[in-house]
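# just a sequence and a predicted model for now, questions to come.
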Amino acid sequence: PVDEVGPCLGPLRLASERRVRASPAFDFIREDIARARRALAENAVSLDLGRRQAEQRARERRRAARREALAAREGPAWRCWDITLEGIAAGRPPRAGTLPASDAAYEEGLRVLADLAGLERAAR
């Protein structure tokens with residue numbers, strides 16, 4: 001419940017904002033947002049085939065460079081456990097595994113949850 005998390009919101013928000021500001025993946029997201037806003041503000045599309053093709057090539061180069069940059073960075077492999085009701089009923093221990101990093105927002109959500117768990121553990 002939010003009322004139980006309330007005292008932790010300040011430190012969670014600060015830690016998240018710091019990570020998001022320093023994240024290359026979020027830089028890409030901010031660039032996409034700025035590009036989309038510019039396109040909406042211009043409210044025009046070029047009918048010049050050469051210009052459109054040049055824009056498309058630039059977009060493809062940008063996507064390729066982004067994929068390369070994101071693949072080169074070391075993302076965390078999150079520890080996870082496969083817990084099922086059947087396993088619990090049978091008395092089997094959870095199977096440990098890893099969850100590969102998938103996208104920036106998902107990773108940040110996991111980090112916020114880890115921060116919250118750490119803050120609650122420290123409060124006890």
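Yes, it's here. Numbers count the residues shown, from 1 in each chain.

# going forward, measure contacts between C-alpha atoms and count neighbours the same way
OK.

# which residue is nearest the centroid of this protein?
Against the mean C-alpha coordinate of the chain, by Cα atoms, centre = their mean, the closest residue is Ala104 at 1.6 Å.

# now it: how far from Arg61?
21 Å (Cα to Cα, to the nearest Å).

# same check on Arg51?
Computed with Cα to Cα, the distance linking Arg51 and Arg61 is 15 Å.

# against the centre of the protein, work out the most remote residue.
Max radial position in the chain (Cα atoms, centre = their mean) goes to Asp48, at 36.6 Å.

# next, give phi and psi for that one.
Phi and psi for Asp48, reported as degrees, to the nearest 10, are phi -80, psi 120.

# so what's the residue nearest to the centre of the chain up against?
Going by Cα atoms under 8 Å, 6 or more residues apart in numbering, Ala104 touches Ala25, Phe26.

# as a check, name the ranges of all strands in this protein.
For the chain, the strands defined by DSSP state E cover 78-82, 95-99.

# where are the low-confidence patches of the protein?
The chain contains residues with pLDDT under 70 at 1-3, 74-78, 98-102.

# report the longest helix in it, please.
helix 49-72 (DSSP state H).

# what residues does that one touch?
For helix 49-72, the external contacting residues (Cα under 8 Å, 6+ apart) are Ala25, Phe28, Ser46.

# excluding chain neighbours, what is closest to the first one?
The spatial neighbour of Ala25 that comes closest, neighbours along the chain excluded (Cα to Cα, 6 or more residues apart in numbering), is Ala104 at 5.9 Å.
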